[in-house]
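Visitor: I would like to see how this sequence folds:
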Amino acid sequence: NTIHNMGKYQSKMKPITMEGLRSVTQFTDAEIIEIHKCFIKHTHSGRITLEEFNTMYKMFFPYGDASAFAKHVFRTFDTNGDDYIDFKEFLCALSITSKGKTEEKLKFAFSMYDIEKDGFISR
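Guide: Got it, this is the predicted structure:
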């Protein structure tokens, strides 16, 4: 069972098994399918660029310039550093922020501010 072709919700991402996604998230199959449908509907290409992420982020935070913070969030979601957030990266980040244990959420939040990825938060 893969998430490559779910009816009309197709993407260009590599096929990912439900078992593989369940093993790295805390979502059920039904939740993964619904999140995938929404992800594809809003991304069209099956992955998110920094520019697209900024646009979406501005919808949630319309006052002020949230682009600098959005860049940190984007970098944290983009775990492989390829300048895109694919579905697996998005789902993993969503799982941590919505269903993760306190320690996982703290590590995730810390990684947003650890810009140089050296284990320290600097100015």
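Visitor: tell me the average confidence for stretch 26-33?
Guide: Across stretch 26-33, the average pLDDT comes to 92.
Visitor: kindly report the same for stretch 64-82.
Guide: 90.
Visitor: ok, and what's touching it?
Guide: Applying CB atoms under 8 Å, 6 or more residues apart in numbering, the external contacts of stretch 64-82 come out as 48, 50, 53-54, 57-58, 84-85, 89-90, 92-93, 108, 111-113, 115. From N, CA and C alone the C-beta is placed, and that goes for glycine too.
Visitor: inside helices: which ones of those?
Guide: Taking DSSP state H, the ones among the contacts of stretch 64-82 that sit in helices are 50, 53-54, 57-58, 89-90, 92-93, 108, 111-113.
Visitor: can you lay out these as TSV showing pLDDT?
Guide: Output for the ones in helices among the contacts of stretch 64-82, formatted as TSV (pLDDT from 0 to 100):
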residue	pLDDT
50	94
53	92
54	91
57	86
58	86
89	95
90	95
92	95
93	95
108	92
111	90
112	87
113	86
